[in-house]
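need a 3D model of the sequence below.
(chains A and B)
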Amino acid sequence: DAKTTQPNSMESNEEEPVHLPCNHSTISGTDYIHWYRQLPSQGPEYVIHGLTSNVNNRMASLAIAEDRKSSTLILHRATLRDAAVYYCILSFQNNNDMRFGAGTRLTVKP
Amino acid sequence: DAMVIQNPRYQVTQFGKPVTLSCSQTLNHNVMYWYQQKSSQAPKLLFHYYDKDFNNEADTPDNFQSRRPNTSFCFLDIRSPGLGDAAMYLCATTGDGSNQPQHFGDGTRLSIL
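Alright, predicted model coming up:
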């Protein structure tokens, strides 16, 4: 199974953009890249996902490298409520397994 | 409106006493998952159902069982809880296909006395 690698922690200042990286060098051509985040005492929350093209939604943007071996979750203006653990996960075609890596703990400073 | 509901939010049981955690969904999704999450760790997949087809992770202890009587409900049974089973248990659902997002409940925090 393809694995993901993320930094353990990152810090950002409030109202500044945040770029959260994820490496997935063994990704296969049909794996989707998903991002979730988990706030304290809550279940994980879906953020965004994509296959090859960059994606935007109301929460974030997902930039996918051309070779798909890495991706970056972009929060355009971090708020204190964005402080969470962010997980990058690969989902496999025709397979419903969704396995979490260690994630990145994002701290947002006022 | 909550779409994946886990009950109870907090559960206390005694060492070795069987316990059942429940999960229900209003999304009519055909895939349901159970994860275990210990403090400061990522969620760990225990097993999942695709409709009635049960898929167990290779390293899930035999002490953990699951039942899915219908599309809406899924149960996690811990036959003989040990102290190491104290954790948050998360239920999630998804529609069919690897491009479908997961929807999580808020979890049940299990304590073992």
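
get me the contact residues on chain B for chain A.
For chain B, the contact set with chain A under CB under 8 Å from any CB of the partner chain comprises B:4, B:31, B:33, B:35, B:42-45, B:48, B:50, B:55, B:90, B:92, B:94, B:96, B:98-99, B:101-107. For the C-beta atoms, the positions are set from N, CA and C on the backbone; glycine is no exception.

report the contact partners of residue A:74.
Neighbour list for residue A:74: A:17-20, A:60-63 [criterion: CB atoms under 8 Å, 6 or more residues apart in numbering or on different chains].

give me the buried entries from these.
By neighbour count, with 16 or more other CB atoms under 10 Å in any protein chain shown, the contacts of residue A:74 hold A:18, A:20, A:60-63 as buried.

pLDDT value on the closest residue to chain B within chain A, please?
Residue of chain A nearest chain B, by CB to the nearest CB: residue A:43 (3.4 Å). For residue A:43, the pLDDT comes out at 93.

what does residue B:83 show for phi and psi?
With angles defined as degrees, to the nearest 10, residue B:83 sits at phi -60, psi -30.

spatially nearest residue to it (excluding sequence neighbours)?
Nearest non-adjacent residue to residue B:83, counting by CB to CB, 6 or more residues apart in numbering or on different chains: residue B:112, 5.3 Å away.

does the spatially most central residue of chain B have beta-bridge partners, and which?
Centroid-nearest residue in chain B: residue B:34, 3.0 Å away (criterion: CA atoms, centre = their mean). Residue B:34 has these beta-bridge partners by DSSP bridges: residue B:47, residue B:91.

contacts only, for residue 101.
Went with chain A since none was named. So residue A:101 contacts A:3-6, A:87-89, B:42 (CB under 8 Å, 6+ apart).

meant chain B actually
A:34, A:46, A:49, B:94.

redo that, cut-off 10 Å
Taking CB atoms under 10 Å, 6 or more residues apart in numbering or on different chains as the criterion, residue B:101 is in contact with A:32, A:34-36, A:45-49, A:91, A:98, B:92-95.

pLDDT value on the residue of chain B found nearest chain A, please?
For chain B and chain A, the shortest gap (CB to the nearest CB) falls at residue B:104, measuring 3.4 Å. Residue B:104 is assigned a pLDDT of 95 by the prediction.

from residue B:80, how far off is the nearest residue to it once chain neighbours are set aside?
Using CB to CB, 6+ apart and skipping residues adjacent in sequence, the residue nearest residue B:104 is residue A:43, 3.4 Å away. According to CB to CB, to the nearest Å, residue A:43 and residue B:80 sit 26 Å apart.

which one of the two is surrounded by more residues?
Between residue A:43 and residue B:80, residue A:43 has the larger neighbour count (other CB atoms under 10 Å in any protein chain shown), namely 22 against 12.

that one reaches residue B:105, doesn't it?
Yes - look at residue A:43 against residue B:105 with CB atoms under 10 Å: they come within range, at 5.4 Å.
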